[in-house]
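S.K.: Sequence and computational prediction follow.
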Amino acid sequence: MNESTPSAPHPLTRRRFLGRSAAIAGFMAVPGSVLGLRGATSPNSKLNIAGIGVGGRGAVDMSELASENIVALCDVDWRQAAGSFRKWPEAKRYKDFRKMLEEVKDIDAVMVATPDHVHAPASMAAIKLGKHVYCEKPLTHSVYEARRVGLAAKEAGVATQMGNQGQASEDTRRLVEIVQAGAIGKVREAHIWTDRPSRGLFDVYWPQGVPRPADTPPIPDTLDWDLWLGPAPERPYNPAYLPFKWRGWWDFGTGALGDIGCHAFDPVFRALRLGAPLSVEAASSRVNEETFPEASMVTYHFPARGNQPGCKFVWYDGGLRPPRPDRLPEGEMMGDNGRLLVGDEGFILGTKVYPEARRREVGDVPRSLPRSPGHHQEWINACKGGEAPGSNFPDWAAPLAEVVLLGNVALRVHLRELLTRRKLLWDPAQLRFTNMSEANEYLHREYRAGWTL
């Protein structure tokens, strides 16, 4: 769509805010089937919810959904899931989500918080059965999966939400309001950085830049290793992969960009009304075929939108960060994790406008956007016939995940030398890079036998 973008925001309903932001960005318009959900539950009744991956982050998500009926719990490692099992002792227990979805007939909605490589198969299985789905970020493991899951959710008319909880926050709304009020003029650059996977000199969130382990210790009795692998290529069990450490391995995770990108990109995409990029390129520390690099920098270029110019958007991880802005006062910190928007009239660090003279001139930007009842509550309300959640799959989460995951394609070791001589040019309509066929091979992968999307 080519709808023009106003220089300052008009008061919007929540639905118009989400719909217009997505439409201007090139994301899909809010489908009527999502806004008027087929077979919606009465707002006064409770949903029957099943969880897939209920240890770790999944346990937190299930606790956020505890106002509803928790009828089934699935996890391939019952030691990790023990806390959720104790919390809901009446819920049926499974290790294979496919068996759970086949046998438990009264499920209304499903929460998915598996490792990244199982997000798409689990979400798609539930969507095909007409279940509402909440899936943790980064929604999928590959660009192709994100496109397929988004289209399937739109066709099924189910309520969906990705687990980038910050989209429902006050911080996100304030950034959108400040930027769209013209506080720093036209924004031409955006920078986002994280300390992950590093956290200080000797501490890490999870290892990257490491080789595959050679030893083959016994599989714990509580773990079904074959189910844990799911669609990923077969390999021997090793505690180097789990729990949580899977995030740094190409076969299972999506690295620091996949972990943080859907959180950190979201408010900037809403504020700048960004959509699909024109190009993506990357630089990194040494990378191998097994794990993501220890540190990387990914640069996207986005086209002009309405009266907004094109935008250079740079991601940094592993402790890298952008240069300190010239007009940032001495003594003020950029931090190990942060966000910087650079405009013609100043810059925003976090949600604070600089320089100080510009901040005084702008004053207190009014609060014009509707506030959220809470990230998980948005999804619960939608499952019962309410408005589409802020990070529903078709309109927001899937297109956002596509952009995030494009950066990981540019980090592939096999493309490293080629990408020193060119950037990847992206055609979102065709879901392909137009100038490097080798890169298109990393938009998806073949699943292991017995697994489908």
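M.R.: Happy to help now that I have it.

S.K.: Please parse this protein into its domains.
M.R.: The record, using automatic domain parsing to delimit domains, assigns the chain the ranges 14-165+374-391, 168-203+253-372+402-440.

S.K.: first vs last residue of the longest one, how far apart are they?
M.R.: Counting by Cα to Cα, to the nearest Å, you get 34 Å between the two ends of domain 168-203+253-372+402-440.

S.K.: Could you check how far Thr254 is from Trp206?
M.R.: 12 Å (Cβ to Cβ, to the nearest Å). Where you see a C-beta, it was placed from the backbone N, CA and C, and this is true even at glycine.

S.K.: Find residues that contact each of these two.
M.R.: Counting by Cβ atoms under 8 Å, 6 or more residues apart in numbering, the common neighbours of Thr254 and Trp206 are Arg247.

S.K.: weakest of the domains of the chain in terms of mean pLDDT?
M.R.: Among these, domain 14-165+374-391 has the lowest mean pLDDT, at a mean of 88.

S.K.: on that earlier part again, neighbour count winner among Thr254 and Trp206?
M.R.: Thr254 (29 against 21; other Cβ atoms under 10 Å).

S.K.: Go ahead and confirm the more buried one touches Trp246.
M.R.: No - the pair Thr254 / Trp246 is not scored as a contact, 10.1 Å apart, by Cβ atoms under 8 Å.

S.K.: Which parts of the stretch 1-150 of the chain are helices?
M.R.: 14-25, 32-35, 57-64, 82-87, 97-103, 116-128, 143-156 (DSSP state H, counting those that start in this stretch).

S.K.: Next, format these as a markdown table and append distance to Pro213 and mean neighbour count.
M.R.: Below are the helices of the stretch 1-150 of the chain laid out as a markdown table (distance: least, Cβ to Cβ, whole Å; neighbours: other Cβ atoms under 10 Å):
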| stretch | distance to Pro213 | mean neighbour count |
| --- | --- | --- |
| helix 14-25 | 42 | 20 |
| helix 32-35 | 44 | 16 |
| helix 57-64 | 24 | 19 |
| helix 82-87 | 26 | 15 |
| helix 97-103 | 27 | 17 |
| helix 116-128 | 18 | 25 |
| helix 143-156 | 27 | 22 |
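
S.K.: Which among those helices is found nearest to Glu387?
M.R.: When the helices of the stretch 1-150 of the chain are compared for distance to Glu387 using Cβ to Cβ, the nearest one is helix 14-25, at 5.6 Å.

S.K.: now, of the domains of the chain, which is deepest in the fold?
M.R.: Of all the domains of the chain, domain 14-165+374-391 carries the top mean neighbour count, a mean of 21, counting by mean count of other Cβ atoms under 10 Å.

S.K.: quick one on the thing from earlier: shared neighbours, Thr254 and Trp246?
M.R.: The overlap between the contact sets of Thr254 and Trp246 (Cβ under 8 Å, 6+ apart) consists of Asp116.

S.K.: Counting by contacts, list what the longest helix along the chain packs against.
M.R.: In the chain, ranked by residue count with DSSP state H as the criterion, the top helix is helix 255-272. Under the contact definition 3 or more Cβ pairs under 8 Å, 6 or more residues apart in numbering; DSSP states H and E, helix 255-272 sits against helix 14-25, helix 170-180, strand 187-193, strand 296-302, strand 311-317, strand 338-343, helix 398-410.

S.K.: the inter-axis angle of that helix versus helix 116-128?
M.R.: Computed by axes from the mean of the first three to the mean of the last three Cα atoms, to 10 degrees, the angle separating helix 255-272 from helix 116-128 equals 50 degrees.

S.K.: Would you convert the domains of the chain into TSV that also reports distance to Trp451?
M.R.: As requested, the domains of the chain are arranged in TSV below (distance: least, Cβ to Cβ, whole Å):
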stretch	distance to Trp451
domain 14-165+374-391	6
domain 168-203+253-372+402-440	17
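
S.K.: Out of those domains, which is closest to Pro217?
M.R.: The minimum distance between Pro217 and these falls on domain 14-165+374-391, with 15.1 Å, by Cβ to Cβ.

S.K.: hang on, the earlier thing: quick one: which of the helices and strands packed on helix 255-272 is nearest Lys105?
M.R.: Taking Cβ to Cβ, helix 398-410 is the member of the helices and strands packed on helix 255-272 nearest to Lys105, at 28.0 Å.

S.K.: so what secondary structure elements neighbour that closest one?
M.R.: Here helix 398-410 touches helix 143-156, helix 255-272, strand 279-284, strand 296-302, strand 424-427, going by 3+ Cβ pairs under 8 Å, 6+ apart.

S.K.: ok now it, how far from the chain's centre?
M.R.: Going by Cα atoms, centre = their mean, to the nearest Å, the spacing between the C-alpha centre of helix 398-410 and its chain's C-alpha centre is 9 Å.

S.K.: and the nearest residue to Glu402 once chain neighbours are set aside, how far is that from Arg448?
M.R.: Computed as Cβ to Cβ, 6 or more residues apart in numbering, the closest residue to Glu402 that is not its neighbour in sequence is Ala146, at 4.7 Å. Applying Cβ to Cβ, the value for Ala146 to Arg448 is 20 Å.

S.K.: can you check Tyr205 too?
M.R.: When Cβ to Cβ is the yardstick, Tyr205 and Arg448 sit 27 Å from each other.

S.K.: more neighbours, those two?
M.R.: Between Tyr205 and Arg448, counted using other Cβ under 10 Å, Tyr205 has the larger neighbour count: 18 against 13.

S.K.: Not counting residues beside it along the chain, what's closest to Gly261?
M.R.: Nearest non-adjacent residue to Gly261, counting by Cβ to Cβ, 6+ apart: Val404, 3.8 Å away.

S.K.: actually Trp88, sorry about that
M.R.: By the measure of Cβ to Cβ, 6+ apart, the closest residue to Trp88 outside its immediate chain neighbours is Ile70, 4.4 Å from it.

S.K.: what sits opposite that neighbour in the beta ladder?
M.R.: Ile49 (DSSP bridges).

S.K.: Report the contact partners of it.
M.R.: Ile49, Ala50, Gly51, Met62, Trp88, Ala91 are the contacts of Ile70 under Cβ under 8 Å, 6+ apart.

S.K.: hang on, the earlier thing: distance of the residue nearest to Glu402 from Met124?
M.R.: Distance of Ala146 to Met124, given as Cβ to Cβ: 11 Å.

S.K.: again, but for Ala382
M.R.: Using Cβ to Cβ, one gets 19 Å for the distance from Ala382 to Met124.

S.K.: can you check Cys74 too?
M.R.: Between Cys74 and Met124 the distance is 15 Å, computed by Cβ to Cβ.

S.K.: Same question for Gln377.
M.R.: Counting by Cβ to Cβ, the gap between Gln377 and Met124 amounts to 25 Å.
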